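**Student:** just the structure for this:
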Amino acid sequence: MSGSDSQLVEIYTAPFSPMALLLIYTRRNRSSRLSTVVTHFILLGISNTDSLQTILFITFLAFYLCTLLGNLLILLAILVDPRLHTPMYFFLCNLSMLDISFSSISTPKFLANLWAKSRTISLGGCMSQVFFWNFLGSTECLLYTVMAYDRYVAICHPLRYLLIMNRRVCALLAAGTWITSSFHTTILTSLTFTLPYCGSNVVDYFFCDIFPVVKLACADTYIIETVTFTNTGMVPMICFLLILASYIRIIYSVLKMNSAEGRRKAASTCASHLAVTTVFFGPCALVYTQPQLSKVQVTPVQIFSKVVTPMLNPAIYTLRNKEMKAALRKLRGGQMPAR
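**Tutor:** Residues are numbered from 1 along each chain as shown. Predicted coordinates for the structure are as follows:
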């Protein structure tokens, strides 16, 4: 056995790490990568909607504009109102930036394709969609977990809340969600595009995601599909369990409160976060607990999760939030809040 073969055996027998997988794919596909001829992909879009392109264009454009307007208003209201410079609203700013970014990954390209009746996307554009789709999805999942921890500290340790959730801690928690997700997604995207693409370039979906793209590879995709499904399923599962643990502790603390007013305020504080978390994790649970779902069934779920949900989040956080509604009213009236 040669030295290189021995090294490859060591990689196969090493712990199942992303770096080992990347090395496996690099070695396995080194020769076939030279035959890669795909320079662009064709997005088939949403099935059975060829006669509805005008309606789809108007609908998606309306969703996109509402998402931008709603989240930009929340960002502006929080930035100009000093009373909203608290940990909860700091994380809400991060969520609004994520929602704006999320809706901007595929919607503008989808709208451009509908308008120009062209379905092509460059290889670089497809790689960008794969990376940012998974990066922002993972970041949002982790951010909901951080926000649940923030609510836990606020309700279970109210006297030490500002001490525990100080600016440094909030900044580290927020930065941690973005950095962790970028590392996680870089590995998955590298594994996906290390594969050779030398045959069909037709993506049977309305945007580039890992699973529709790897099906076009001219190589064995079992490992990458297994690792991707496991990773993209484990991240929401772990986050959901951590959020559940936080709320079990919150419920326990609320039930111990003697004041009905205290219980009402605690419930109101958590209502918005619970609502957006349910809207986010509901589609995830449906997709990953029902892997046999067809493309026709998965597409509406993905559209709701990644197009409709970013539009709903601003409404959810303002409908029951008196402070946010007051800040928006003052912003609309051109009045700057007193410092």
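
**Student:** strands of the chain, start to end?
**Tutor:** Ranges of strands within the chain are 40-43, 120-122, 202-203, based on DSSP state E.

**Student:** mind putting the ones you listed into CSV with distance to L68 and mean neighbour count?
**Tutor:** No exception for glycine: its C-beta is placed from N, CA and C like everyone else's. Conversion of the strands of the chain to CSV gives the following (distance: least, C-beta to C-beta, whole Å; neighbours: other C-beta atoms under 10 Å):
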stretch, distance to L68, mean neighbour count
strand 40-43, 22, 19
strand 120-122, 22, 16
strand 202-203, 26, 18
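
**Student:** show me where this protein has helices.
**Tutor:** Taking DSSP state H as the criterion, the chain carries its helices at 3-13, 18-28, 30-33, 53-80, 87-116, 123-156, 161-164, 167-194, 210-214, 222-255, 260-289, 295-303, 309-319, 322-332.

**Student:** got JSON lines for these, with mean neighbour count and distance to F41 too?
**Tutor:** Listed next are these as JSON lines, based on neighbours: other C-beta atoms under 10 Å; distance: least, C-beta to C-beta, whole Å:
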{"stretch": "helix 3-13", "mean neighbour count": "11", "distance to F41": "30"}
{"stretch": "helix 18-28", "mean neighbour count": "16", "distance to F41": "20"}
{"stretch": "helix 30-33", "mean neighbour count": "13", "distance to F41": "17"}
{"stretch": "helix 53-80", "mean neighbour count": "17", "distance to F41": "19"}
{"stretch": "helix 87-116", "mean neighbour count": "20", "distance to F41": "11"}
{"stretch": "helix 123-156", "mean neighbour count": "21", "distance to F41": "5"}
{"stretch": "helix 161-164", "mean neighbour count": "13", "distance to F41": "47"}
{"stretch": "helix 167-194", "mean neighbour count": "17", "distance to F41": "12"}
{"stretch": "helix 210-214", "mean neighbour count": "21", "distance to F41": "7"}
{"stretch": "helix 222-255", "mean neighbour count": "16", "distance to F41": "17"}
{"stretch": "helix 260-289", "mean neighbour count": "16", "distance to F41": "22"}
{"stretch": "helix 295-303", "mean neighbour count": "15", "distance to F41": "16"}
{"stretch": "helix 309-319", "mean neighbour count": "20", "distance to F41": "24"}
{"stretch": "helix 322-332", "mean neighbour count": "16", "distance to F41": "41"}
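
**Student:** related to what we said a few turns ago, TSV for the strands of the chain, including distance to T54 and mean pLDDT?
**Tutor:** Below are these laid out as TSV (distance: least, C-beta to C-beta, whole Å; pLDDT from 0 to 100):
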stretch	distance to T54	mean pLDDT
strand 40-43	18	82
strand 120-122	20	84
strand 202-203	23	82
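
**Student:** excluding sequence neighbours, find me the nearest residue to S253.
**Tutor:** Of all residues not flanking S253 in the chain, C156 sits nearest, at 4.7 Å (C-beta to C-beta, 6 or more residues apart in numbering).

**Student:** and the strands of the chain as TSV, adding distance to C66?
**Tutor:** Output for the strands of the chain, formatted as TSV (distance: least, C-beta to C-beta, whole Å):
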stretch	distance to C66
strand 40-43	24
strand 120-122	25
strand 202-203	27
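
**Student:** quick one: which of the ones you listed is nearest L312?
**Tutor:** Of all the strands of the chain, it is strand 40-43 that lies closest to L312, at 25.3 Å by C-beta to C-beta.

**Student:** Throw the helices of the chain into JSON lines and include mean pLDDT, thanks.
**Tutor:** Listed next are the helices of the chain as JSON lines, based on pLDDT from 0 to 100:
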{"stretch": "helix 3-13", "mean pLDDT": "42"}
{"stretch": "helix 18-28", "mean pLDDT": "48"}
{"stretch": "helix 30-33", "mean pLDDT": "45"}
{"stretch": "helix 53-80", "mean pLDDT": "89"}
{"stretch": "helix 87-116", "mean pLDDT": "87"}
{"stretch": "helix 123-156", "mean pLDDT": "90"}
{"stretch": "helix 161-164", "mean pLDDT": "91"}
{"stretch": "helix 167-194", "mean pLDDT": "90"}
{"stretch": "helix 210-214", "mean pLDDT": "83"}
{"stretch": "helix 222-255", "mean pLDDT": "85"}
{"stretch": "helix 260-289", "mean pLDDT": "76"}
{"stretch": "helix 295-303", "mean pLDDT": "68"}
{"stretch": "helix 309-319", "mean pLDDT": "81"}
{"stretch": "helix 322-332", "mean pLDDT": "78"}
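
**Student:** quick one: closest of these to V202.
**Tutor:** Judged by C-beta to C-beta, the one of the helices of the chain that comes nearest to V202 is helix 210-214, at 9.7 Å.
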